[in-house]
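1. Following is a predicted model, sequence given first.
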Amino acid sequence: MFPVNPSLADCLPGHSLTRMAREWLAEDTPNFDPAGVCVGTRQMEAKLLCKTPLSVLAGSPFFTAVFREVGCSVDWRYLDGDHLDAVTLTAVVKGPVNGILMGERPALNCLARASGIATRCVTLRAMAAEAGWHGQVAGTRKTTPGFRLVEKYAMVVGGASTHRHDLSGLAMIKDNHIWSSGSIKRAVRTVRSVCGFSSKVEVECRAVEEGAEAAAAGADIVMLDNFKPPELHAAAQTLKQAFPSVLIEASGDVTPQNITQYLSPCIDIVSLGCITQGCPVVDFSLKVVN
């Protein structure tokens, strides 16, 4: 059983955890593990230590899945979403020592990355709450190829919105779509004819006039992209007054340093690529108990 809130654990497909763990191990050990010969298969324990202060734990299901594949078990002392300090005993891994050392690096890489993303999300949400804003901080599709499930899960643990998971999850009409199709109105109507009632349609807009055209054509979400904060808030207010039910998203050049400048009552969503791109990792180490 994975040591996370059941609602979060249930959203992770078991077969995907197994598949990813096997792929990571196969990448790291494609044939011989010569160093494994000198340690053998003695049953031993290793302590997982968090070494970064003010961190948020995330990624334990993936960590556990890796060690399960090499015949080890993991006894977690903390749950995903818990706050950790340095130096914190986070878990104990038990099993054949060659298995512990084989799984060590793939498991740590995943945990460090996921925990870094969750930590950033918690920080961003705290900044938004302190500013009195009640919208959603969201990630983007700027994820690492082959690693998106981990990164999106880490966003959930950190309390951020995952935005769309992939091209199938939400129909986003970007500038290149508009230029290629001829107009916002034509693009929205064509896309809506395919996705029907079950998917929302979002349009990336560079001016308030484009936002109004998108909302009038039936878009559910208008993304105001690369607006400076003063222009952003004026455009959002204009659109909200004309189209109260349309969600307004701010995106482009938003960072942890300036996010509060993009928050206002007329902004429903702020999305940041830096949640996954260039995000600091949390430093974990795994030490075999002698």
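-> Perfect, thanks for sending it.
2. most centrally placed residue in this structure?
-> Lys152 (3.1 Å; Cα atoms, centre = their mean).
3. residues contacting that one?
-> 139, 143, 162, 165 (Cβ atoms under 8 Å, 6 or more residues apart in numbering). Using the backbone N, CA and C atoms, a C-beta is placed for each residue, glycine as well.
4. Run through the stretch 1-150 of the chain and note the low-pLDDT ranges.
-> The stretch 1-150 of the chain contains residues with pLDDT under 70 at 1-7.
5. can you map out the helices along it?
-> 6-9, 14-28, 60-69, 97-130, 148-157 (DSSP state H, counting those that start in this stretch).
6. Now Gly40: closest residue in space that isn't a chain neighbour?
-> Distance criterion Cβ to Cβ, 6 or more residues apart in numbering; nearest residue to Gly40, sequence neighbours excluded, is Asn98 at 6.3 Å.
7. nearest to His15, of the contacts of Lys152?
-> His165 (16.8 Å; Cβ to Cβ).
8. any idea how far Val208 is from Ala219?
-> 14 Å (Cβ to Cβ, to the nearest Å).
9. So between the two, which is more surrounded?
-> Between Ala219 and Val208, Ala219 has the larger neighbour count (other Cβ atoms under 10 Å), namely 28 against 20.
10. correct me, but that one touches Glu202?
-> Yes. The criterion here is Cβ atoms under 8 Å, and Ala219 meets it with Glu202 at 6.5 Å.
11. Quick check: neighbours shared by the two?
-> Common neighbours of Ala219 and Glu202 (Cβ under 8 Å, 6+ apart) are Ile173.
12. Helix, strand, or coil at the closest residue to Ala214 other than its chain neighbours?
-> Leaving aside its chain neighbours, Ala214 sits nearest to Val203 (3.7 Å; criterion: Cβ to Cβ, 6+ apart). Under the three-state scheme (DSSP: H, G, I helix; E, B strand; the rest coil), Val203 adopts strand.
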